[in-house]
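> Sequence unavailable; structure follows:
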């Protein structure tokens, strides 16, 4: 069994069952990212198999491994798979890392991107604008993530691409939440158009600053959504260290 990546940097298991595994992983990924399967939700193999139209156990278990490698699921010994729950602080720390990685990639991408890569990113942008006009948030988000990954890939640093893809996968659900605000969604589309112009003009410093602000604006909305989620509030309270009781005198 070997591991490959798809266009978004998601890990895929290549085996005799590879195609079914990829399909099942893709369906589960959408359910998790869209919030249908909430953080902390324990996945029953029987329940998921029925929900995904009687998928057999083997591709389902392999799909769990794929999503666990992405950080979307946590596999617990003898207890199965649980949708990973992250605190606002953990997500914010990851956003800071992504900002740093894209800042590193921006000028390199402007310097090294081939005409073919620019054409591909431009086509992805056109597709993204089209699905935005249709109100298709999940398709928009998937194309959006592909655009960011392609910009990083254009830096021609495979280590950078690999680290970026892994961290993006881990917090994908929380970044998706930011686009659920219609105002932010429209603003994000405009920002992507401006970033495309900067990339085509090979304006590295400008693109770097645009990417930084793009992430910060998106996270500001995602953080608000996250903090208003009762489930996340419970997770936060569990994570808070308990203070020591004062000693009696």
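Now that the structure is in, tell me what you want to look at. Predicted, not measured: the structure shown is a model, and the values here were computed from it.
> domain assignment for this protein?
Following automatic domain parsing, one finds the domains of the chain at 2-83, 88-228.
> Now do the end-to-end distance for the longest one.
Start and end residues of domain 88-228 are separated by 11 Å (CA to CA, to the nearest Å).
> now stretch 197-206
10 Å.
> Buried residues in that stretch, which are they?
Using 16 or more other CB atoms under 10 Å as the test for burial, stretch 197-206 gives 198, 199, 200, 203, 204, 206. Yep, even glycine has a C-beta here, placed from its N, CA and C like the rest.
> how far away is the nearest residue in space to the first one that is not next to it in sequence from residue 213?
Spatial nearest neighbour of residue 198, excluding adjacent residues (CB to CB, 6 or more residues apart in numbering): residue 207 at 4.1 Å. Summarising the geometry, the distance separating residue 207 from residue 213, computed by CB to CB, to the nearest Å, is 11 Å.
> Between the two, which is the more surrounded one?
With neighbours defined as other CB atoms under 10 Å, residue 207 and residue 213 compare such that residue 207 has more, 26 against 12.
> Which of the three states applies to that one?
helix (DSSP: H, G, I helix; E, B strand; the rest coil).
> Go through the strand or helix carrying residue 193 and flag the buried ones.
Element membership of residue 193 [criterion: DSSP states H and E] is helix 182-200. Within helix 182-200, the residues that count as buried by 16+ other CB under 10 Å are 184, 185, 187, 188, 189, 191, 192, 195, 196, 198, 199, 200.
> Let me know the closest of those to residue 161.
Using CB to CB, the shortest approach to residue 161 within the buried residues of helix 182-200 belongs to residue 199, at 16.2 Å.
> ends of stretch 26-43, how far apart?
End-to-end distance for stretch 26-43, by CA to CA: 15 Å.
> From the rest of the structure, what touches that stretch?
Stretch 26-43 is contacted by residues 10, 48, 52, 63-64, 67, 70, 72-73, 79-86, 138, 141, 172-173, 176-177, 231-232, 235 when judged by CB atoms under 8 Å, 6 or more residues apart in numbering.
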